[in-house]
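Asks: below is the sequence, then the predicted model.
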Amino acid sequence: MKGFAMMCIGKTAWINKERPIIGPFDALVEPLALAPCTSDIHTVYSGAIGERTNMILGHEAVGRVVEVGSEVRDFKKGDRVVVPAITPEWRTTAIQEGVPAQHSEGMLTGWKFSNIKDGVFGEFFHVNDADMNLAILPESISLEQGLMMCDMMTTGFHGVEMANVQFGSTVAVIGIGPVGLMAVAGAALRGAGRIFAVGSRPTCVKIAKEYGATDIVNYKQGSIVTQILEATKNHGVDHVIIAGGDNSVLGDAVTMLKPGGVIGNINYFGEGDSLPIPRLAWGCGMAHKYIHSGLCPGGRVRMERMIALVKYGRVDPAKMVTHRLSGLEGVEKGLEMMHSKDADVIKPITII
C-alpha cells in the first residue's frame, strides 16, 4: 500500500509498505478524510520525538472499517468511524491504578499513530483495541466535523478541563490555531465570562470571535502579559490555556495568572531541554498558581461525547476548515500548508 512518510528528520516521501495485519481486538480502516497537524511538523522538521525512519505520518482521520479482528464486537466492515488521535491500550493494570489512559503503557504511549507505529496517511491503517477506540460517525455529521473531533476538538477542550474553567471566570487562551480555537469554544461552553484570545492572523481572529472570544490580544503589538494585565487592571486572569507559543510562553502564563489560578497546557513544546518559570511571578514557588498539562484524551467514549456536542448544536468545529484537497496525495500539500502557516490557513483537509 502507498503512504506519505517521514523518512528521517527533515525529509518526507511517498513509500510503499505491506498492508497492516490486525490482531483479534483490532480493526483495519481505510481513510475517508484526513488532516495534517502542527504536531506532524514538530515531529518531522524539529525532530521533537527523536528520529523516525520510514514511518507513515498522520493521526487525524475519519474512515471506513475494512476488516475487524475475531474478538471485535461493536464494529463491522463498512462502518463509518471517527478515529481518535490517541488510541490507548485499555487492557492494562496501569489504568486500574489510576494512570491516565493516554499513558497506560508508559508516558505518551496512547499516542501511537506516527509515533510508535505508522500513522493514517496511507491507503489503510491499523487501529488497536477497536471496541474501545473507534466511534460510529452518524450520517448527520459531516466528514469535516468528524475530522476535527479526532484531535483539535478533544485537545482544545482538554485544555479547558485542565484549567478548570468556571462560570463567569476570566480566561486567556494563548495561541488561536485550531487547538486554541477549540479551547476558546470550550471555555465559552464552560461558562467563562471574559475570554482573551492571543493571536494575530485575521482568519483565526474571526473564528475566535465566533466561538466566544471577547478580547483579542495581538502579540505583534507588544507583550501579551502587559496587554492582559492592563486590560484586567493588574488583577490578571483566573485561567490560562496554553495552545501555542515557544518555550517562554509558560512564564507568560504564570505571570498573567492570579494566585489560586490554574494553567492548562496543551501545547506541544517541540524544542529545548527546559521550560523556565519566573521565580517571583510564581511567588517564589508559593503563589498557589497551578500548572496542569496533558496529552488529549482519546478512546471511544471521548469521541462519542465530542459527537454529541456537535450533533446537538453546541459547537461546529468545521468552521476551522479553510482548505479542502482531494485524494490521498492531498496530504502532502496539506502538510506543507501547515508548515508554511500562510495567513489564510487554519486547517486544511483532504477528502479521499
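Replies: Right, received. Where do you want to start?
Asks: what helix or strand is A308 located in?
Replies: Using DSSP states H and E, A308 maps to helix 300-311.
Asks: for that helix, buried residues please.
Replies: 300, 302-303, 306-307, 309-310 (16 or more other C-beta atoms under 10 Å). All C-beta atoms are positioned from the backbone trio N, CA, C, and that covers glycine.
Asks: any chance of these in TSV with pLDDT as columns?
Replies: Output for the buried residues of helix 300-311, formatted as TSV (pLDDT from 0 to 100):
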residue	pLDDT
R300	98
R302	98
M303	98
M306	98
I307	98
L309	98
V310	98
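Asks: ok, those residues vs E123, which is closest?
Replies: Closest approach between those and E123, by C-beta to C-beta: M303, at 22.8 Å.
Asks: ok, now how distant is that closest one from I351?
Replies: 20 Å (C-beta to C-beta, to the nearest Å).
Asks: now swap in R52 and tell me
Replies: For R52, the distance to I351 - C-beta to C-beta - is 27 Å.
Asks: can you check K311 too?
Replies: 21 Å.
Asks: do the same with M152
Replies: 17 Å.
Asks: now swap in V127 and tell me
Replies: V127 is 20 Å from I351, by C-beta to C-beta.
Asks: again with G285
Replies: 51 Å.
Asks: with neighbour numbers in mind, choose between the two.
Replies: Between G285 and I351, I351 has the larger neighbour count (other C-beta atoms under 10 Å), namely 15 against 8.
Asks: which strands and helices sit next to the helix or strand bottoming out on mean pLDDT in the chain?
Replies: Sorted by mean pLDDT, DSSP states H and E, the helices and strands of the chain end with helix 38-41, the least confident at a mean of 90. Applying 3 or more C-beta pairs under 8 Å, 6 or more residues apart in numbering; DSSP states H and E, we find helix 38-41 packed against helix 330-340.
Asks: any idea how far the helix it packs on is from the chain center?
Replies: Offset of helix 330-340 from its chain centre (C-alpha atoms, centre = their mean, to the nearest Å): 17 Å.
Asks: same deal with stretch 300-318?
Replies: Using C-alpha atoms, centre = their mean, the offset of stretch 300-318 from its chain centre is 15 Å.
Asks: convert the C-alpha atoms of that stretch to CSV, please.
Replies: The C-alpha coordinates for stretch 300-318 follow below in CSV (Å, rounded to 0.1, in the frame of the first residue of the first chain):
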residue,chain,number,x,y,z
ARG,A,300,-14.4,5.7,22.2
VAL,A,301,-16.3,7.4,25.0
ARG,A,302,-14.4,10.6,24.5
MET,A,303,-15.2,10.6,20.8
GLU,A,304,-18.8,9.8,21.4
ARG,A,305,-19.0,12.8,23.7
MET,A,306,-17.4,15.1,21.1
ILE,A,307,-20.0,13.7,18.6
ALA,A,308,-22.8,14.6,21.0
LEU,A,309,-21.7,18.2,21.3
VAL,A,310,-21.7,18.6,17.5
LYS,A,311,-24.9,16.6,16.9
TYR,A,312,-26.9,18.7,19.3
GLY,A,313,-25.6,22.0,18.1
ARG,A,314,-23.3,23.0,20.9
VAL,A,315,-20.3,23.7,18.6
ASP,A,316,-19.4,23.4,14.9
PRO,A,317,-15.7,22.6,14.6
ALA,A,318,-15.9,22.5,10.8
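Asks: thank you, goodbye.
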